[in-house]
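Asks: Compute the structure for the input listed below.
(2 chains)
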Amino acid sequence: MFGSITFKWVTQLVVLVSHIVGLFIFLRGFFPSKVVLPGFNGFYESRSPFGINDKPQFDKVIFMVVDAMRSDFCFSNTYSHMTFLHQLINDGSAIPYTAFSNPPTVTLPRLKGITTGGTPNFLDAILNVADDKDTSQGLNSQDSWVFQFKNLNKTVNFFGDDTWLKLFPGSFNEFEGTNSFFVSDFTEVDNNVTRHLDTQLDPNSAQWDALILHYLGLDHIGHKGGPDSVFMKPKLEEMDSILARIYDYTLIRKSEFKEDILIVFMGDHGMNDIGNHGASSPGETSAALTFISPKFSTNLNLNLSSPLDHDSDYTYYHRINQIDLVPTLAGLLNFPIPKNNLGIMVPELLKLWSNEKQQKAILWENCQQLMELFKAKYGDNDSDYASVWNSWNSLQTTVSSLDSYYDLLYEVQQILASSATNYDYNDIFMGFGIILVSTSAALVTFNQYFLSNKNIPKSLVVYFEIFAAIYALHFHGSSLIEEEHQIWFFFTIVSSVFMLGVSFKSFNKLSLLYWGIIFLGIRLLKAWNNSGQKYSYKNTIGAYLLNQDTDILWLLIIATYIIYSVCLFIQGGFSRSFEFLNPNPNQTSSMDVRQAGSLISFIAIFVTSSVGLSFKLCQFYNDGYGLPKWLKWVFFWILENYNVSHKSIDSADFKFALQSINTQLSRLSGYCILGLLAIRVSLGKVKKFNIGIITDISNIVTLYLIQQTKFENIPIFIVLLGIKYGFGQLIIQSQSKGTNIDQHILLTTIFTICIQNLTFFSMGNTNSLATVDLSNAYNGILEYDVIPVGVLTFISNFVGPIYWSLASLQLIFETSKVRFEQYGDSKDLINFKFLKTSILLIKTTISTLFYALAATNLLGSCINLRFHLFIWTVFSPKLLYFASWSVLVNFLVDLISASVILFVFY
Amino acid sequence: MAKTKSERKSVSFESREDQGNDSDINGEDGSGIKKDEDTLKKEKEEDEAIRGSIPKLNNSLLTIPYHNLLILGGMFYYGLTENVNEVLLNGLFSLIPIQIGYNYILYNNIKIKKKKNDNTNVPLLIIGSVIISLILAFPLFVFIILFGAPLINYITQTILLSFHLSIILFNPLLIYFKFDINNLLVIFKANKIYRLIFSHSVLSSSLAIVVGTWLGVVPIPLDWDRPWQQWPITLLAGGYIGSVVGGIISLVLS
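Replies: Numbering: from 1, shown residues only, chains lettered A, B, ... in the order given. Prediction:
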């Protein structure tokens, strides 16, 4: 019974499922929802401590957020071109700060932070990516300064990034959201905000008490061209001129209506050296924050000068926390401090209240609010925090200096901010326990099979186990996780050399040529994109193709489409499956397009590839790149087919028309590919023609994968084909020397795991959330819907792993087809039907061991380092990436899809 | 070739079918692995023949390239971490004369099988080997690039690295085999290749240089931020240290 294949399958599935269940339980404990106090705050004392003769310091506020405004863009003499802002700082009307933006440095969690004053829940970062129109993220039920200000019967108008509308549905009187959908648009997105200023800043009408503006253009420039982009200077000047316009408006209102208007000019986060954000490097966490009002120059005398010399730490002027903005606004505009605020009243602005007694009352209000939160979290007699309670009691009983108030505030803020989430240890240890058990089981099943099997060289088995163990151990070092692509390059090379030297033992000239192809391919993969989080290189093939030489880029993209179309036509059995249509079916040459069947299959493939290529062409233009001259006529031809004249190319309608063409083309291409797949599978079923079906499916799916790939990465598919071909040739050579099936599967699986990961990283992915690519996540989608966007995001980021998962089936089952042999398929393993289940079982056993060992170490490392500085920035994103690898790649693609292909389609 | 393959497979698969559909899918049933004594004996004879064609040394202790440690230490002493390119270049100029001296020691330690035929032009051999290893630096450079060295950002360093490695790796081998490349390639046909390599000091030293250089990349991505972590210092150190360690390993094993 124990030897039966059913039993082994059941064991393996139990191991796999318990692995996944354990992982999920762990994640549930590791990312719990955070403690949020419900309800809205009132003043702690009977009357507000903020008012001066019951009047607030400021009547109105203009809140201008510039996405990704890093501190040096505002204040440094090398980067900043904002002369008006510098002038304001010099004459004392502006109080500048470098504000620490709490990671994850993406817009949604940051907006939550700067409105509620809380620190973000890590899951907010993912929701920023995944949940675009989900209103469950709204802050209607959470206390924020927007709510508090509205509560004073004030009107709030909003223009800019529509994330605000998701956060505060129904809160704004007048509003227009712009979508950050098209990262390549630098101008429209900001003009859409600025055009409202004509009416909003009309000095003779008062339509609002708070005006919130959120500009996205700067962030888009960063994503596309980095902080040194040529578009940066004009954009900063544009922002500066808008600031000047707003400031002039406040001066007019002041002189004519005696209104005090506060301007807050800030970035929600910064950006790193290549213009991305999401992680915790100094550049990403150092946002600019400036309070501006003519009142400051008369009431405060700070004597600051601007611009300053460039600072490599991005620290200019005082450093504060971005969330300190919240109690400061509460004070200046006179409303209760929001309930979940962790911020502290900014010391410089406290001086606006001249009376020291009132200053203390304000800080006392801040203390009470923070201590309430502290009490909710730790109870009121936790001995670990005795010092907090001591100073709290002494503040209540004795007369203390302002500094002692600040000491308490800073201490409490630090404690609360450092433990933004409470771990659920029950879940964490239960998940870890389940993973441990399933890993032990995976070790036993793997070793029991491979070590009891005398036909496999022990060296290969031991090599694999050492490799999996070393890989698993890397999770204990944060810099190794950040630079994981180096590990994969190293391991791919080591594994290849090991196979060459020990397993294939093939040193003849031909096989050295194939090894040359493989090594060259791997080296090209490494040079294609910048990966990793520590260094950024500008000299990459991808960057060169995209930014310097679009002619070659498009030649290569067209070549990729042609090569894979030809592969589909000649490599597998696609054209042969149409043979029944030929008038003379016995004729051997099925590639002859004069035959009816071949002609039809040729046309089908040609149409599909052409539609795919047309889509990519439109998308390229739509994303703001210049098309090569020699391709323009194709583009215009496509436009004419959709009844859009290219003469209207500069009009605003054109953009929307192009948008809709894009969506239609992308859908059409998807349907064509689906059609090819359906035809091939149904012909296989009906006509019982299964030769080369795995190769066909692989090639058809590749056409879709190409569509979901970034432009500069599309030529990578040519490289991948070369590597696949070289490896297929070597497998055949080694088989002829007596490699048996188990060894064949083990070799292919090791190679697949290595190259899957290498391709993933070589396409520019990293273990940071900052590089999740969304540029192809909306292909063919009009309305945001979480499921299709989620699926497309997964596919477009995991193109490499999916490609190699299918390729590994090809390499194992249809080796002769990988070598482009038309009729040499009789020896392929796919012909031995009874072997399919056991081969898939062995493949699963191998990969399960790999993922199980990795999971044990990653989880162990997360438990061990749960109070580490990098836990939210390095380990947590890696956990999420690993969960995608383990569940989606290993289980869903490598196992479930493979089973469907092998047992349903075949 | 294809025919034998198909035969072998079909035979094994038929035997599988007879046993019914259970789990074990070994392609071959035992016979291929349990080598009978004849083949073992044959393999042993083959290895002996190869072993015979490889020269032997009089004194393995003397021929360990100790001077490599000196060069490496010297380069660190003269500020390798501050000024990589210049020190590497100067190191190369110091390495070559010392290497010529080492070549002489190595040559004199090779056991000469047939004295009569030995009419080697020793100065030509030694100088030629240095020149050839300098030329071989270019294929080695391509090789290093294929294995992942940076091509654009650190090209000078990589070129200098390949010159250094080429001298310490190829030069002793060229002397050892007196330019006869076939004697070297024959090693790859041996059945117990690693035993063969580790029983010869020069071969084991060469292997250790390759492995040492390779493992030298490991510290680079770590976040210790030390000056010696820059490219290509760790690889160079790995190679140089490997050359001595390899010699000692072979000494200990034999």
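Asks: Provide the contact partners of stretch A:206-214 at residue level.
Replies: For stretch A:206-214, the external contacting residues (CB atoms under 8 Å, 6 or more residues apart in numbering or on different chains) are A:59-67, A:146, A:149, A:154-161, A:163-164, A:172-174, A:193, A:199-200, A:242, A:257. All C-beta spots, glycine's among them, are computed from the backbone N, C-alpha and C.
Asks: How many residues are close by A:Ala807?
Replies: A total of 26 residues lie near A:Ala807 under the criterion other CB atoms under 10 Å in any protein chain shown.
Asks: The residue nearest to A:Thr194 when sequence neighbours are not counted and A:Thr748: what is the separation?
Replies: Nearest residue to A:Thr194 in three dimensions, chain neighbours excluded: A:Ile242, at 6.3 Å (CB to CB, 6 or more residues apart in numbering or on different chains). In this view, A:Ile242 and A:Thr748 are 59 Å apart by CB to CB, to the nearest Å.
Asks: now A:Glu45
Replies: 73 Å.
Asks: same for the one helix or strand A:Phe149 maps to, what does it pack against?
Replies: Under the criterion of DSSP states H and E, A:Phe149 resides in helix A:145-150. On a contact count with 3 or more CB pairs under 8 Å, 6 or more residues apart in numbering or on different chains; DSSP states H and E, helix A:145-150 meets helix A:107-116, strand A:156-161, strand A:210-215, helix A:325-333.
Asks: Check the offset of that helix from the chain's centre.
Replies: 31 Å (CA atoms, centre = their mean, to the nearest Å).
Asks: Identify the residues contacting it?
Replies: Taking CB under 8 Å, 6+ apart as the rule, helix A:145-150 contacts A:40-41, A:61, A:115-117, A:139-140, A:156, A:168, A:171, A:209-210, A:212, A:326, A:329-330, A:333, A:335-336, A:338.
Asks: now those: which count as buried?
Replies: A:41, A:61, A:115-117, A:139, A:156, A:168, A:171, A:209-210, A:212, A:326, A:329-330, A:333, A:335-336, A:338 (16 or more other CB atoms under 10 Å in any protein chain shown).
Asks: Contacts only, for A:Thr250.
Replies: If a contact means CB under 8 Å, 6+ apart, then A:Thr250 has A:62, A:261, A:263, A:293-294 as its contacts.
Asks: Among the residues you listed, which lie within strands?
Replies: A:62, A:261, A:263 (DSSP state E).
Asks: check the residues you listed against chain B, which are close?
Replies: Checked against chain B using CB under 8 Å from any CB of the partner chain, those yield no neighbours at all.
Asks: Adding neighbour count, write the residues you listed out as JSON lines.
Replies: JSON lines is the format used below for the ones in strands among the contacts of A:Thr250 (neighbours: other CB atoms under 10 Å in any protein chain shown):
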{"residue": "A:Ile62", "neighbour count": "24"}
{"residue": "A:Ile261", "neighbour count": "25"}
{"residue": "A:Ile263", "neighbour count": "23"}
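Asks: Need the contact partners of stretch A:194-201.
Replies: Stretch A:194-201 has contacts (CB under 8 Å, 6+ apart) with A:157, A:159, A:174, A:176, A:207-208, A:211, A:242, A:245-246, A:249.
Asks: Dump these into JSON lines; add neighbour count, pLDDT and secondary structure as well.
Replies: Listed next are those as JSON lines, based on neighbours: other CB atoms under 10 Å in any protein chain shown; pLDDT from 0 to 100; DSSP: H, G, I helix; E, B strand; the rest coil:
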{"residue": "A:Asn157", "neighbour count": "20", "pLDDT": "92", "secondary structure": "strand"}
{"residue": "A:Phe159", "neighbour count": "23", "pLDDT": "92", "secondary structure": "strand"}
{"residue": "A:Glu174", "neighbour count": "15", "pLDDT": "88", "secondary structure": "coil"}
{"residue": "A:Glu176", "neighbour count": "15", "pLDDT": "86", "secondary structure": "strand"}
{"residue": "A:Gln207", "neighbour count": "13", "pLDDT": "80", "secondary structure": "coil"}
{"residue": "A:Trp208", "neighbour count": "19", "pLDDT": "90", "secondary structure": "coil"}
{"residue": "A:Leu211", "neighbour count": "25", "pLDDT": "93", "secondary structure": "strand"}
{"residue": "A:Ile242", "neighbour count": "20", "pLDDT": "94", "secondary structure": "helix"}
{"residue": "A:Arg245", "neighbour count": "13", "pLDDT": "93", "secondary structure": "helix"}
{"residue": "A:Ile246", "neighbour count": "21", "pLDDT": "93", "secondary structure": "helix"}
{"residue": "A:Tyr249", "neighbour count": "19", "pLDDT": "92", "secondary structure": "helix"}
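Asks: wait, which of those is closest to chain B?
Replies: A:Ile242 (39.8 Å; CB to the nearest CB).
Asks: Settle this for me: that closest one is touching A:Ile62, isn't it.
Replies: No. At 10.5 Å, A:Ile242 and A:Ile62 do not qualify as touching, with contact defined as CB atoms under 8 Å.
Asks: for chain A, what helix or strand is lowest in average pLDDT?
Replies: helix A:122-130 (a mean of 57; mean pLDDT, DSSP states H and E).
Asks: just the helices in the stretch 151-300 of chain A please.
Replies: A:163-167, A:188-194, A:197-200, A:217-225, A:232-257, A:282-285, A:294-299 (DSSP state H, counting those that start in this stretch).
Asks: Residues of the stretch 751-900 of chain A that sit close to chain B?
Replies: So the stretch 751-900 of chain A meets chain B at A:826-827, A:832, A:834-835, A:838-839, A:841-842 (CB under 8 Å from any CB).
Asks: which among those end up buried?
Replies: Listed as buried from those are A:827, A:832, A:835, A:838-839, A:841-842; burial here means 16+ other CB under 10 Å.
Asks: quick one: least confident of those residues?
Replies: Across those, the smallest pLDDT goes to A:Lys827, namely 75.
Asks: wait, doesn't it sit right on A:Ser816?
Replies: Yes. The criterion here is CB under 8 Å, and A:Lys827 meets it with A:Ser816 at 6.8 Å.
Asks: is it true that A:Lys254 touches A:Asp260?
Replies: Yes. Between A:Lys254 and A:Asp260 there is a contact under CB under 8 Å: 6.7 Å.
Asks: Between the two, which is the more surrounded one?
Replies: Counted by other CB under 10 Å, A:Lys254 and A:Asp260 do not tie: A:Asp260 has more neighbours, with 18 against 15.
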